[in-house]
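*Asks:* Have a look at this prediction, sequence included:
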Amino acid sequence: MKEYTTESIRNIALVSHSSAGKTMLAEAFLHFSGATTRLGKIEDGTTVSDFEEEEIRRRISLSTSVLPVEYKGCKLNVLDTPGYTDFIGEVISALRVADSAAVLVDSVAGAEVGTEVALSYIDTFKLPWLVVINKMNRDNANFRKALESIQEISDKRLIPVQLPWGEKADFKGVIDLLTLKAYPGVGDTAQDIPAEYQDEVENARMQLIEEADEVRMPCSKNTWKEKSYPPKRSCVGSRKWCSPATGYQCSLLPDRLRLVLHHCWMPS
Ligand SMILES: Nc1nc2c(ncn2[C@@H]2O[C@H](COP(=O)(O)OP(=O)(O)OP(=O)(O)O)[C@@H](O)[C@H]2O)c(=O)[nH]1
Ligand SMILES: [Mg+2]
């Protein structure tokens, strides 16, 4: 593996209530970035992260796995933590060494006890974090409701950086508010935003710009498009979060020094 300097490395912990999809997201990162040739499945016991016999048998993560993901000149050390509270020690250890955290929330269940516990440790370690509203393809998936549920248990204002492109059986991908492109689930070709989303996207983007201005990030309404710097607060993506080819792969979550974000993609 190539050697990376500090500014190209992101140590990011995936945390959530059990079963929100952390291990599958990590699997998708690996697959999308070309580290694996096929996407493993929890049900088949073929994910890279859940490799222990007991993890395969129980179909849950029992310990934190560190998964190196190389993408666009950056190295993401993804820490896939267990969601069951019995293994909270693993989550604490992962957050202790991480530079940032991605909090996964099931789009049907919304924020759960494990989400709240994870957030309290994120707070303890004062980590920057973002939310991934996951499983958007499930029946009863509801992005707004899931978002509200996590907003209710956090005192940080959550600002979407991506919107889901459809939901439930109609879930197609994500609409990115920074690049202003729609990213379908399969393949990495960005598309123009479908006409029926234009108003929603415009409103969400305006909110994003206003929040960015408010927290005085190095962007303004004029430079936003070129620089793609994100707001300093927690942001929200959706499961087809892993949209490829976005220019800010390393731009929202921090290394030890600065702010950055990575996107990756999970085919359904
Ligand atoms: N429909 C749907 N199912 C998903 C998605 N992501 C994960 N799953 C399923 O949800 C279940 C749990 O996924 P995991 O990735 O093991 O969840 P986890 O957060 O790692 O769970 P723990 O290790 O117990 O904390 C598995 O059956 C996955 O196949 C998704 O985007 N959509
Ligand atoms: Mg897991």
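*Replies:* Good, I have the coordinates. Residues are numbered from 1 along each chain as shown. Ligands and ions are numbered 1, 2, ... in the order given.

*Asks:* A strand includes Ile175, no?
*Replies:* Yes. Remark: Ile175 belongs to a strand, assigned using DSSP: H, G, I helix; E, B strand; the rest coil.

*Asks:* Please list all residues in contact with the closest residue in space to Trp129 that isn't next to it in sequence.
*Replies:* In space, Trp129 comes closest to Ala101 once its chain neighbours are excluded; the distance is 4.3 Å by Cβ to Cβ, 6 or more residues apart in numbering. C-beta: built from backbone N, CA, C; applies to glycine. Shown in contact with Ala101 (Cβ atoms under 8 Å, 6 or more residues apart in numbering): 12-15, 95, 118, 122, 127-130.

*Asks:* please redo it, this time with the cut-off set to 6 Å
*Replies:* 13, 15, 122, 127, 129 (Cβ atoms under 6 Å, 6 or more residues apart in numbering).

*Asks:* Relative to Glu196, which of those is nearest.
*Replies:* Nearest to Glu196 among those: Trp129, at 31.2 Å, using Cβ to Cβ.

*Asks:* now the residue lying closest to Ile9 once chain neighbours are set aside, which residues is it bridged with?
*Replies:* Nearest-residue entry for Ile9: Lys75, 5.1 Å, with adjacent residues in sequence omitted and distances by Cβ to Cβ, 6+ apart. Legend: beta-bridge partners of Lys75 under DSSP bridges are Ile9, Glu70.

*Asks:* I'd like to know how many residues surround Lys75.
*Replies:* A count of nearby residues for Lys75, using other Cβ atoms under 10 Å, gives 20.

*Asks:* So which of the contacts of Ala101 is the closest to ligand 1?
*Replies:* Val15 (8.9 Å; Cβ to the nearest ligand atom).

*Asks:* thought the closest one was touching Val117?
*Replies:* No. Between Val15 and Val117 there is no contact, the gap being 8.8 Å when judged by Cβ atoms under 6 Å.

*Asks:* Specify which residue of these two has the higher count of neighbours.
*Replies:* Val15 (30 against 18).
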